[in-house]
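In: Got a predicted structure plus its sequence, pasted below:
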Amino acid sequence: MAFDLNSLKYNEAGLIPAIVQDAASGTVLMMAYMNRESLAKTLETGETWFWSRSRKTFWHKGETSGNVQKVKEVFYDCDRDTLLVKVEQDGAACHEGYYSCFHYRLEQDGGVTVIGERYFDPDQVYGKKS
């Protein structure tokens, strides 16, 4: 059965949130935005593609870092306004070098704990920010 990607509810900018989850462990890796074209490219290639709101362009996850995401399953929620993309993560998902983008835990005392170890140094992969 063919699915019409236009039947999803994109926001006013034509974007839909995509929660990316490790298919094996269930760890939430990241949240990014897709538009109809990046979702179609994701389904076509079997690797994640997103829309960068800041750069106004497509980005292939892992293109620079080599840490690609192989898509195992894609779901949409009952409101049709959010995607869940289950992947096999190669390396780290986070641009800060961590496995998951959700590596900062807020503590009840107001502090923050960083969870996990870095897989790579972002300055070496992406270059130093000025």
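Out: Thanks, I have it.
In: residue boundaries of the helices in this protein?
Out: For the chain, the helices defined by DSSP state H cover 36-45, 122-126.
In: Comparing the ones you listed, which comes out most buried?
Out: Counting by mean count of other C-beta atoms under 10 Å, helix 36-45 has the highest mean neighbour count of those, with a mean of 16. All C-beta spots, glycine's among them, are computed from the backbone N, C-alpha and C.
In: contact partners of it?
Out: 5-6, 8, 10, 14, 16, 18, 34, 48-51, 58, 71, 74, 83, 85 (C-beta atoms under 8 Å, 6 or more residues apart in numbering).
In: and those residues, which are buried?
Out: Among the contacts of helix 36-45, those buried by neighbour count (16 or more other C-beta atoms under 10 Å) are 5, 8, 10, 16, 18, 34, 48-51, 71, 74, 83, 85.
In: and the residue nearest to Glu88 when sequence neighbours are not counted, how many neighbours?
Out: Leaving out its chain neighbours, the residue that sits closest to Glu88 by C-beta to C-beta, 6 or more residues apart in numbering is Lys70, at 4.3 Å. Number of residues near Lys70 (other C-beta atoms under 10 Å) recorded here: 14.
In: quick one: Lys70 and Gly46 touch, right?
Out: Yes. Counting by C-beta atoms under 8 Å, Lys70 touches Gly46, with 6.3 Å between them.
In: Please give me every residue in contact with Trp49.
Out: 34, 38-39, 41-42, 58-61.
In: same thing but 10 Å
Out: 18, 32, 34-35, 37-43, 58-61, 63, 69, 71 (C-beta atoms under 10 Å, 6 or more residues apart in numbering).
In: Common neighbours of Lys70 and Gly46, please.
Out: Val87.
In: Please report phi then psi for the most far-flung residue of the chain relative to its centre.
Out: Going by C-alpha atoms, centre = their mean, the residue of the chain most distant from its centre is Asp109, 29.9 Å out. With angles defined as degrees, to the nearest 10, Asp109 sits at phi -80, psi 0.
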